[in-house]
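J.: Provided below are the primary sequence and the corresponding predicted coordinates.
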Amino acid sequence: MLMRTDPLREMDRIVQQLSGSTGTWSRPSTMPMDAYREGEQYVITLDLPGVAKDAIDIDVERNMLTVKAERRPVAKADDFQVELSERPLGVFSRQLVLADTLDTERITADYEAGVLTLRIPIAERAKPRKISIGGTTGRQQISG
């Protein structure tokens, strides 16, 4: 039901490994994600530790779901001096192609303890349903 699209992720990982760099200048890695079906909906959870709720943007256009989050630097005082910085800063982005069987009009989002949870219901048109048989109950003979 879901397809992950991030064509540059693998290339960034290889460049970081070859250069031995994990500094904040490089493109931040994508946010880790789990996706599963729970009853009549799909649930997507994304890890966003250290990201403020107001720094998360969720958009859906047709069947493309985009989640963007920005981890901002801490406020700096006059006597602020960085000793070590390993946590990447900047904008993180994740795009998912949603199946036509999902109801993109009724997506809900919750954010708690650094985890963004999206719930996407299955569309009514995609649920199994009974088809009644109409017409006459007997066979008709065709005369020639």
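T.: Perfect, thanks for sending it. Numbering: from 1, shown residues only.

J.: contacts, neighbours, all on C-alpha from now
T.: Will do.

J.: Helix or strand: which one has the most centrally placed residue in the chain?
T.: A centroid search over the chain (Cα atoms, centre = their mean) returns residue 96, at 5.4 Å, as the residue closest to the centre. Assessed by DSSP states H and E, residue 96 sits inside strand 90-98.

J.: What strands line up against that strand, and which way round?
T.: strand 2-5 (antiparallel), strand 64-71 (antiparallel) (DSSP bridges).

J.: residue ranges with poor pLDDT in the protein?
T.: Filtered on pLDDT under 70, the chain yields the residue ranges 1-30, 137-144.

J.: For it, just list every one of the strands.
T.: 2-5, 33-38, 41-47, 56-61, 64-71, 90-98, 108-112, 115-121 (DSSP state E).

J.: Distance from the fifth one to the middle of the chain?
T.: Translated: strand 64-71. Centroid separation for strand 64-71 versus its chain: 8 Å, with Cα atoms, centre = their mean, to the nearest Å.

J.: Next, the angle from it to strand 41-47.
T.: 30 degrees (axes from the mean of the first three to the mean of the last three Cα atoms, to 10 degrees).

J.: For strand 64-71, which residues meet the burial criterion?
T.: 67, 68, 69, 70, 71 (16 or more other Cα atoms under 10 Å).

J.: contacts for that strand?
T.: Identification of contacts with strand 64-71 by Cα atoms under 8 Å, 6 or more residues apart in numbering yields 48, 50-52, 55-60, 88-98.

J.: Give me the buried subset of those.
T.: 48, 51, 56, 60, 88-98.
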